[in-house]
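A.B. asks: Fold the stuff below for me.
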Amino acid sequence: MPRFRVALMASAIFVSATGAASAADLPAAPLVPVTPVFSWTGFYVGANVGYGWGNSSGNMITTGLPDTFSTSGNAFVGGGQMGFNYQFGGGFVLGAEADFQGSFGSGTLTDSDGLINATVKDPWFGTIRGRIGYAMDRVLLYGTGGAVFGDAIANGTSAGIAFNDSATYWTWTAGVGAEWAFAGPWSAKVEYLYAGAPSAIPTIPGVGSVSETSHTNLIRGGLNYHF
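C.D. replies: Sure, this is the predicted structure:
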């Protein structure tokens, strides 16, 4: 074999051996941990506090004569909620939620003829709602809607007659919210709800044929624990 070919082969073997040794001496690349994408799917329970305010007005018959009335009031609220989410198609989230609230406040009821002077309260209520939203990893923006049920109490005087009565009602609600999963299974939310006129009102002596337009607003914040 010619000498120059032997020299080339020897050089190639030397270069290969040197490269392999150098590669063996290099430190291994560190493993970069991969943070898993948060999933909203699953059950959750939580608690909330908030503030509600509202007013209503309408027409009625008082002691046989046409009359108009108005109410206004506000209250602090607090309670608990439970629900279920299902995330699909990337970031879309469907869910259902139920909550039960205590209400701490009152309002007033008066009429244009000056026959009624009453205090109105809504000591407890709850909602059953669906939720639909879009999640950007740990942030969920959603719309919500469903039903409200509760108890209304009115006490005072009507045409000089004292009364105290209550009525259980149903109505509709709709709103929007945002939720942030901030640590492990914990998330925080803020939510706004609007509710319509109640299906029933307390009985007031001498009052009949009531038609009402009502506006009730609720804003609340809460914490949830996800299973």
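A.B. asks: Would you mind measuring from the spatially most central residue of the chain to Ser199?
C.D. replies: Per CA atoms, centre = their mean, the C-alpha nearest to the average position across the chain is that of Glu191, at 4.5 Å. In this view, Glu191 and Ser199 are 23 Å apart by CB to CB, to the nearest Å. In this view, the C-beta of every residue, glycine as well, is placed from N, C-alpha and C.
A.B. asks: Now the residue nearest to the centre of the chain: closest residue in space, sequence neighbours ignored.
C.D. replies: Gly177 (3.6 Å; CB to CB, 6 or more residues apart in numbering).
A.B. asks: quick one, phi psi at that neighbour?
C.D. replies: The phi/psi pair for Gly177 (degrees, to the nearest 10) reads phi -160, psi 170.
A.B. asks: And the strands in the chain, which stretches?
C.D. replies: 42-62, 65-88, 92-111, 116-136, 139-158, 161-183, 186-195, 207-226 (DSSP state E).
A.B. asks: how about JSON lines for those strands, with mean pLDDT added?
C.D. replies: JSON lines is the format used below for the strands of the chain (pLDDT from 0 to 100):
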{"stretch": "strand 42-62", "mean pLDDT": "96"}
{"stretch": "strand 65-88", "mean pLDDT": "96"}
{"stretch": "strand 92-111", "mean pLDDT": "96"}
{"stretch": "strand 116-136", "mean pLDDT": "97"}
{"stretch": "strand 139-158", "mean pLDDT": "97"}
{"stretch": "strand 161-183", "mean pLDDT": "97"}
{"stretch": "strand 186-195", "mean pLDDT": "98"}
{"stretch": "strand 207-226", "mean pLDDT": "95"}
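A.B. asks: if I look at the closest residue in space to Ala174 that isn't next to it in sequence, how far off is Thr203?
C.D. replies: Closest residue in space to Ala174, ignoring its immediate chain neighbours: Gly145 at 4.1 Å, by CB to CB, 6+ apart. As judged by CB to CB, Gly145 and Thr203 stand 30 Å apart.
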